[in-house]
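Colleague: Okay, sequence plus prediction incoming.
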Amino acid sequence: MQELLLALARGLVDDKDAVSVTVDDPREDGTTVYHLSVAEGDMGRVIGKQGRIAKAIRVVMRAAAVRQGEKVMVEID
């Protein structure tokens with residue numbers, strides 16, 4: 001899952017080395033939170049107009065998690 005998020009983010013940004021993902025321990029309800037960090041100049045590329053790209057990233061991650069029987073949440077820092 002972490003590699004999928006990294007691949008999605010690196011495909012969108014200019015500074016690919018600044019992309020990082022940290023993973024929190026699962027919460028009580030079993031949800032794993034992924035924190036995506038990108039360079040300040042690339043933040044707009046990851047969020048998109050009216051948050052459309054960020055929503056699409058979250059949808060793809062949730063769909064992949066369902067296939068593996070997991071619950072995930074993506075936060076963009």
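Modeller: Sure thing, it's come through.
Colleague: Tell me, how many residues neighbour A9?
Modeller: A9 has 23 neighbours, counted by other CB atoms under 10 Å. The way it works is simple: take the backbone N, C-alpha and C, and place the C-beta from them, glycine included.
Colleague: Show me what secondary structure element comes after the helix or strand where it lies.
Modeller: Using DSSP states H and E, A9 sits within helix 2-10. Following helix 2-10 in sequence order, the next helix or strand is strand 20-23 (DSSP H and E).
Colleague: packing partners for that next one?
Modeller: On a contact count with 3 or more CB pairs under 8 Å, 6 or more residues apart in numbering; DSSP states H and E, strand 20-23 meets helix 2-10, strand 31-37.
Colleague: which parts of whichever helix or strand comes after the shortest one are buried?
Modeller: Taking DSSP H and E as the definition, the helix or strand that follows strand 31-37 towards the C-terminus is helix 43-47. Buried residues in helix 43-47, counting neighbours by 16 or more other CB atoms under 10 Å, are found at V46, I47.
Colleague: The helix or strand just after helix 43-47 - contacts with which helices or strands?
Modeller: From helix 43-47 onward toward the C-terminus, using DSSP H and E, the following helix or strand is helix 52-67. The contact analysis (3+ CB pairs under 8 Å, 6+ apart) places helix 52-67 against helix 2-10, strand 31-37, helix 43-47, strand 71-76.
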